[in-house]
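Peer 1: what would the 3D arrangement of this be:
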Amino acid sequence: MLFAIFFSFWRFLQIITLIPTIGLLAYFVDGYNKLNALTPTYILVLFIVSVLAGAWAIFTIFSYHRSSTNASFVALIDILFVGAFIGAVYALRFIADADCTNVTRGSSVDVSLGIFGSASLNGVRVNVDKSCAMLKAAFAFGILNAIFFFFTAALACLHGDRLSAGERKTYVRENHSHRHSHRSSAPHSRHSSHHSHRRVYV
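Peer 2: Below is the predicted model of the structure:
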């Protein structure tokens, strides 16, 4: 039960953060396609990884029963996505130091304070580079998803170990009960054979 709650929680976080990541990067991919230009590798890699990870997250959340029984396989795929996101974020690492905003001082503005007089404030203008901000947001979402997929991989791995231990206990219990029933039936068969033997001679 706890596995289902935690696993679903982190899966929903992955889906929520992957959808805007795919949308942000699709904007760049579409722009380069319209210009008949090649999409840069640092954009394309993170875009492909995000699309595949989103499809995998949606598939596993809607087929939870199958995911829980194949927990070790789910953990393996999630670990692969952790490595893929780390590689994609590393390719986009230059954006971390980029300054996407430019603050400039504007003209002064007089503000009336009624009976308290007036005040003169210096206006401030903030210019934001849209492309830079979008790439930085995708970069941050990539880091978050590397962490999120690590959590789900750890949960699936622990759940898989618990399932295998439970299967071993079930096998031992069934094997023990089978031996016990075999032993209990053996004296009965010997007794019946002995009884039938006496009936033959009497």
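
Peer 1: low-confidence regions, this protein specifically.
Peer 2: Per-residue confidence for the chain (pLDDT under 70) gives these ranges: 1, 64-68, 102-127, 160-202.

Peer 1: any chance you could map the strands in it?
Peer 2: The residue ranges that make up the strands of the chain, judged by DSSP state E, are 101-112, 118-128.

Peer 1: ok, residue 99 - contacts?
Peer 2: With contacts defined as Cβ atoms under 8 Å, 6 or more residues apart in numbering, residue 99 is in contact with residue 132. Using the backbone N, CA and C atoms, a C-beta is placed for each residue, glycine as well.

Peer 1: run a quick neighbour tally on residue 134.
Peer 2: Counted by other Cβ atoms under 10 Å, the residues lying close to residue 134 total 18.

Peer 1: okay but it is in contact with residue 27, surely?
Peer 2: Yes: using Cβ atoms under 8 Å, residue 134 is in contact with residue 27, at 6.7 Å.

Peer 1: tally up the residues packed near residue 94, please.
Peer 2: With neighbours defined by other Cβ under 10 Å, the count for residue 94 comes to 10.

Peer 1: residues contacting it?
Peer 2: Here residue 94 is in contact with residue 42 (criterion: Cβ under 8 Å, 6+ apart).

Peer 1: over to residue 76?
Peer 2: Counting by Cβ under 8 Å, 6+ apart, residue 76 touches residue 153.

Peer 1: do residue 152 as well
Peer 2: For residue 152, counting by Cβ under 8 Å, 6+ apart, the contacting residues are 7, 10-11, 14, 74, 78.

Peer 1: ditto for residue 84
Peer 2: The neighbours of residue 84, taking Cβ under 8 Å, 6+ apart as the test, are 49, 52-53.

Peer 1: drop anything exposed from those.
Peer 2: Neighbour counting over the contacts of residue 84 (16 or more other Cβ atoms under 10 Å) leaves 49, 53 as the buried ones.

Peer 1: okay, the contacts of residue 84 in TSV with distance to residue 138 next?
Peer 2: Formatted as TSV, these follow (distance: Cβ to Cβ, whole Å):
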residue	distance to residue 138
49	11
52	15
53	13
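
Peer 1: now, the contacts of residue 84 that are in helices?
Peer 2: Secondary structure assignment (DSSP state H) places 49, 52-53 from these within helices.

Peer 1: and which of the residues you listed is nearest to residue 100?
Peer 2: In terms of Cβ to Cβ, no member of these lies closer to residue 100 than residue 49, at 22.7 Å.

Peer 1: pretty sure that closest one contacts residue 86?
Peer 2: No: distance between residue 49 and residue 86: 9.9 Å, which falls outside the contact criterion (Cβ under 8 Å).

Peer 1: how much space between the nearest residue to residue 128 once chain neighbours are set aside and residue 132?
Peer 2: Counting by Cβ to Cβ, 6 or more residues apart in numbering, residue 128 lies nearest to residue 101, which is 5.2 Å off, once chain neighbours are set aside. From residue 101 across to residue 132, the span is 9 Å (Cβ to Cβ, to the nearest Å).

Peer 1: with that, I have no additional questions.
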